[in-house]
Each structure stands twice: as C-alpha cells, then as structure tokens.
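Peer 1: what shape does this take:
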Amino acid sequence: MNWKPNRESQIPIYKQIAQYLEQRISNGEYPAGTTLPSERLLSKELVVNRSTVVAAYEELRASGIVESLKGKGTIVSRNIWGTSRKRIPNWEKLIETGSFLPNTTMMRTIRKEAFELDLIDLASGELSPDLSASQYFRKIMSNESFDYHVGYDHPQGNLKLRETIALHLKEFRDIHASPSSILITSGAQQALYLIVQCLLQPGDAVAIEDPSYCYSLRLFKSAGLRPFLLPVDDHGINPDDIVQFHKQHRIKMVFLNPNFQNPNGSVLDLERRKRVLEISSYYGIPIVEDDPYSVTAFDKPQVSTLKSMDQNGTVLYVSSLSKIVASGLRIGWIFGPKAVIERLADAKQQIDFGHSIIPEWIANQFLSSEDFSAHLHKLRDSLAFNRDKIVFSLYDQLDDQVEFLIPEGGIHIWCKVKADINEQQLLKEAIKRGVVYVPGSVFGTQKGYVRFTFGRIKEEHIYEAISRFSDSLHSFKKIK
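Peer 2: Numbers count the residues shown, from 1 in each chain. So this is what the prediction gives:
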C-alpha cells in the first residue's frame with residue numbers, strides 16, 4: 001500500500017484511513033464481500049497504532065460500509081449501496097469459477113506473510129541480493145552500448161542470446177544444442193506452462209515426482225491433467241514406477257527434476273537415469289527435464305543432465321537463470337525438437353509477443369563474459385557455506401528431532417520432523433516467532449516434512465532462523 005496518512009493534516013488519522021478505504025471501496029477495488037486487511041497488518045503497513053485502525057474500521061462500520069464476521073474479519077458490506085444501486089458484476093463468483101486455479105491457501109499465506117512481514121525467510125526459492133548478479137548488470141549497463149532494436153524480435157527469442165545459451169549448454173551442461181532448437185521463455189515456469197498447454201490435452205495422464213515442485217503448481221490441474229506420483233528417495237525416482245503407471249494409465253509425459261531435486265535435494269542415480277531413458281524411448285514417453293540447479297554442484301565442476309545422455313531425442317530440456325543469476329531477469333529456455341520449439345514459440349507469441357529485448361541483452365552480455373564464471377564460482381562457494389551453516393544449526397539445535405539428506409548442490413534442505421505435527425499450526429507458531437518456511441505437504445503426499453531454503457537467507461541469520469523454528473516446534477509440542 002503506497003498511501004500513507006498525512007500527519008500534518010487537521011483531519012484525524014483514523015478518519016483519513018476511513019476516507020481512503022471508503023474511496024477504494026467506492027471505485028470497486030474492494031468489491032462487496034471482500035475481506036479487508038486485518039487491523040494488525042494494516043497498522044503495520046500504515047505505520048500507525050492498531051487502535052487507530054480499529055477506530056477507522058469503527059467509523060466505516062457505523063456508516064454501514066463494512067461489517068464484522070466471525071472467522072472472516074472485517075468485510076465490505078454486501079448491501080453497501082442499498083437497493084437503488086445498479087447491479088455490479090459478481091467479481092467474487094467470477095474469481096472462484098475461472099479455469100486457471102489459484103495457488104493453494106497455504107502458499108498464498110506464505111508469500112503474503114514473507115512479503116509483508118519482517119520475517120527470516122527460509123521459504124523463498126530465489127537468491128539473496130548479494131548472491132545475484134546485480135553488480136555485473138550495473139557494470140554492463142554502464143560500460144556497454146545497447147544497439148539492439150527495441151521492438152518485437154524473433155518468436156523464439158533473440159538469436160544472439162540463443163547462440164550464447166547453446167554455447168553455455170555445451171560448456172556447463174554437456175548438452176549439444178542448436179540455437180534454432182531453443183526457445184527463450186519468461187523463466188522455467190512459463191516453459192512448463194507452454195509445454196502443458198500445447199502438448200497435452202485435458203484428461204491426459206502425466207507422471208510427476210512426489211515430493212516435487214511440480215506438485216505445488218496448479219497449472220496441471222488447471223489444464224485438466226491427471227497427475228500420477230512417482231515416490232522419490234535419496235537416489236531419485238524408481239524408473240519401474242513409470243512403467244507401472246504407463247501400463248495402467250497410458251502416461252503421456254513425465255516431469256523430472258533429476259539434479260538436486262526440489263525439495264529433497266537428491267540426485268537421480270546414474271543407473272536409474274539410464275533406465276528412465278530406456279523406458280522413454282521404448283514406450284515413446286517424452287521426458288521433461290527441469291534443471292535449475294545442476295551448475296550449483298558444490299564439490300563437482302559438472303553434474304550430468306538427462307539431456308546430455310539422451311540419444312533418441314525423447315527429453316525436453318528446461319532451465320533458467322533464476323536460481324543461478326537473478327530471478328527478476330526472467331530468462332529461461334526450452335531445448336528440444338525444432339518442430340516442438342516452433343509450436344511453443346507460436347503459443348508464446350500469442351501470449352506476450354515474445355520476450356523483452358532488454359533482459360535478453362543483459363543476459364547475453366553476462367553469459368558471454370568472463371564475469372559469469374567468476375559469479376558461478378562465488379555462488380557455489382556461498383551456497384555451500386550456507387548449506388554447511390544450516391546443517392550445523394540443525395544438528396546443534398534439532399539433532400534428535402529431524403532427519404535430512406545433506407544436499408550436494410541446489411538451495412534446499414528437506415527435513416523430516418520426527419514428532420507428530422499439524423503443519424498449519426506449526427507454521428503459524430513459526431511465523432509468530434519471525435521465521436517462515438514451506439511445509440512439506442505443499443510438495444506432495446509425504447507427512448511431517450518441512451523445506452528450508454538457504455539461497456535467500458543471509459548467512460548471519462541462519463542459526464537464528466533454525467533457533468526460532470526449534471522454539472516453535474517445542475512450543476507446538478507443549479500446546480499439544
């Protein structure tokens with residue numbers, strides 16, 4: 001909320017707040033039935049005492065503009081304008097009935113709280129500002145001339161960037177790609193959206209990992225797909241589960257994150273990789289490899305990708321710069337058969353007329369410079385340090401209460417809480433104590449897990465974050 005009350009005005013602050021909210025209600029920003037921000041949250045946003053917000057809401061309540069409902073808080077009155085007012089669209093119903101499903105309530109809560117409150121963030125899957133490449137971007141924009149045409153570019157993305165990504169794939173991921181078979185996307189998530197929308201139909205059966213990031217994405221259900229879950233252990237999925245599902249349900253596509261899997265950090269075993277590729281080529285089942293983390297390997301210069309082992313063209317390779325350079329750059333890509341890439345590019349063109357040339361230019365300049373290798377080296381060292389710090393903190397404060405696999409790359413650590421927990425209640429306790437993370441059920445069916453992300457958090461806050469979680473867990477046990 002950008003608006004703030006004018007403390008120099010003769011109008012009392014609570015009346016200013018009431019007038020401002022009434023204006024937003026009147027112009028339709030807060031339709032009838034909308035839940036207004038809580039008194040606690042609004043007082044924090046406006047930097048006023050909670051009692052001031054209480055008085056503002058009382059002012060609106062006295063005018064019949066808002067009402068209080070038990071369990072819902074303060075909502076805009078459904079009969080605010082009386083019977084003489086013309087009917088307005090039922091926005092609430094339209095929101096509920098749209099075909100593209102909203103995020104789960106828990107994910108929306110986590111994002112809202114992490115964004116609006118002063119919490120130590122173990123939830124966000126992005127890099128901290130000091131680990132992103134911002135300093136290099138400033139250098140590029142200050143020292144290098146921008147001579148690109150600022151207009152619509154090639155539907156697959158800028159050619160120079162695709163050429164640079166092809167070189168990057170060969171050097172860092174052992175993938176031999178042609179620029180004509182690469183599509184630039186707005187991060188990996190748009191890549192997955194395009195694949196789902198263009199290559200699959202409602203009712204199709206797909207296989208995804210359990211737990212997995214894909215499980216948290218509503219785009220599969222929005223598209224009417226039937227997802228079947230492949231259990232993941234410390235060595236990845238069991239390939240024979242794909243065969244079983246295919247025999248029963250005719251699997252149309254498999255989505256895998258084989259390197260430093262999100263959330264459990266595992267690496268798909270080499271023999272299992274070979275078996276997955278054998279199954280893919282034998283049954284003709286496409287594999288979508290989502291690979292955001294392979295170049296973050298802490299102790300190895302390079303980790304093999306499925307695509308680098310693909311001899312039959314059955315793997316669609318998806319990656320991005322979000323987890324290794326900067327999430328806000330919004331540069332991702334798909335590499336696959338040229339006909340598929342052209343189909344997906346046509347769909348992307350219909351959605352956004354292609355990618356913006358400015359982030360493409362920055363990405364190209366950075367990836368093709370010596371600075372990229374220096375940044376990657378620093379990133380690996382920093383993430384490894386954060387990993388070690390969070391592992392130490394877990395052993396030191398929760399040694400006999402959690403179990404976890406120590407990841408060898410990536411930005412996540414997946415913890416099994418040995419105690420019987422109510423995920424929502426434990427998360428509430430943690431937020432009260434100033435730390436936020438993602439409960440395990442967001443990623444699959446496994447019970448009693450939490451995902452801590454160490455990519456965004458500052459090193460000096462890690463021990464304190466685990467301490468706050470430990471206090472929350474102990475408090476939760478006492479409450480029970």
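Peer 1: all helices for the stretch 101-250 of the chain, in order.
Peer 2: 105-116, 134-143, 159-173, 187-199, 213-216, 219-222, 239-249 (DSSP state H, counting those that start in this stretch).
Peer 1: which strands or helices does the last one pack on?
Peer 2: The contact analysis (3 or more CB pairs under 8 Å, 6 or more residues apart in numbering; DSSP states H and E) places helix 239-249 against strand 205-210, strand 226-233, strand 251-256, helix 270-283. All C-beta atoms are positioned from the backbone trio N, CA, C, and that covers glycine.
Peer 1: buried by neighbour count: which residues of it qualify?
Peer 2: By 16 or more other CB atoms under 10 Å, the buried positions in helix 239-249 come out as 239, 241-243, 245-246.
Peer 1: that one to strand 226-233, inter-axis angle?
Peer 2: Orientation note: helix 239-249 sits at an angle of 160 degrees relative to strand 226-233 (axes from the mean of the first three to the mean of the last three CA atoms, to 10 degrees).
Peer 1: outside of helix 239-249, which residues touch it?
Peer 2: 205, 207, 226, 228, 230-231, 251, 254, 272, 275-276, 278-279, 283, 285 (CB atoms under 8 Å, 6 or more residues apart in numbering).
Peer 1: for the residue nearest to residue 418 when sequence neighbours are not counted, give me the pLDDT.
Peer 2: In this structure, residue 418 finds its nearest non-sequential neighbour in residue 401, 5.5 Å apart by CB to CB, 6 or more residues apart in numbering. pLDDT, residue 401: 94.
Peer 1: what's the spacing between residue 401 and residue 413?
Peer 2: Residue 401 sits 15 Å away from residue 413, taking CB to CB, to the nearest Å as the criterion.
Peer 1: on that earlier part again, and the helices of the stretch 101-250 of the chain: which comes nearest residue 366?
Peer 2: helix 134-143 (5.6 Å; CB to CB).
Peer 1: packing partners for the closest one?
Peer 2: So helix 134-143, by 3+ CB pairs under 8 Å, 6+ apart, packs with helix 357-367, helix 371-398.
Peer 1: can I have it written out in PDB, keeping just the CAs?
Peer 2: Output in PDB follows, covering the C-alpha atoms of helix 134-143 (Å, rounded to 0.1, in the frame of the first residue of the first chain):
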ATOM      1  CA  SER A 134      23.200  -7.300  -9.900                       C
ATOM      2  CA  GLN A 135      26.700  -5.800  -9.700                       C
ATOM      3  CA  TYR A 136      27.500  -7.300 -13.000                       C
ATOM      4  CA  PHE A 137      24.300  -5.900 -14.500                       C
ATOM      5  CA  ARG A 138      25.200  -2.400 -13.400                       C
ATOM      6  CA  LYS A 139      28.600  -2.800 -15.000                       C
ATOM      7  CA  ILE A 140      27.100  -4.000 -18.300                       C
ATOM      8  CA  MET A 141      24.500  -1.100 -18.400                       C
ATOM      9  CA  SER A 142      27.200   1.500 -17.500                       C
ATOM     10  CA  ASN A 143      30.000   0.300 -19.800                       C
END
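Peer 1: what's the spacing between the residue nearest the centre of the chain and residue 111?
Peer 2: By CA atoms, centre = their mean, the mean C-alpha position of the chain lies nearest to residue 125, the distance being 5.9 Å. Residue 125 sits at a distance of 11 Å from residue 111 (criterion: CB to CB).
Peer 1: wait, doesn't the residue nearest to the centre of the chain sit right on residue 453?
Peer 2: Yes - assessed by CB atoms under 8 Å, residue 125 is found in contact with residue 453 at 5.6 Å.
Peer 1: joint contacts of those two?
Peer 2: 411-412.
Peer 1: on that earlier part again, who has more neighbours out of residue 401 and residue 413?
Peer 2: Counting neighbours by other CB atoms under 10 Å for residue 401 and for residue 413 shows that residue 413 has the greater number, 24 against 16.
Peer 1: got the contact list for that one?
Peer 2: By CB under 8 Å, 6+ apart, the neighbours of residue 413 are 265, 387, 390-391, 394, 404-407, 451-454.
Peer 1: confirm that residue 311 sits in a helix.
Peer 2: No - counting by DSSP: H, G, I helix; E, B strand; the rest coil, residue 311 is not part of a helix but coil.
Peer 1: if we can go back for a sec, pipe the helices and strands packed on helix 134-143 into CSV and attach mean neighbour count per row.
Peer 2: As requested, the helices and strands packed on helix 134-143 are arranged in CSV below (neighbours: other CB atoms under 10 Å):
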stretch, mean neighbour count
helix 357-367, 21
helix 371-398, 17
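Peer 1: tabulate those helices (a markdown table), appending mean pLDDT.
Peer 2: Formatted as a markdown table, the helices and strands packed on helix 134-143 follow (pLDDT from 0 to 100):
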| stretch | mean pLDDT |
| --- | --- |
| helix 357-367 | 97 |
| helix 371-398 | 97 |
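Peer 1: mind putting those into JSON lines with distance to residue 30?
Peer 2: Listed next are these as JSON lines, based on distance: least, CB to CB, whole Å:
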{"stretch": "helix 357-367", "distance to residue 30": "34"}
{"stretch": "helix 371-398", "distance to residue 30": "41"}
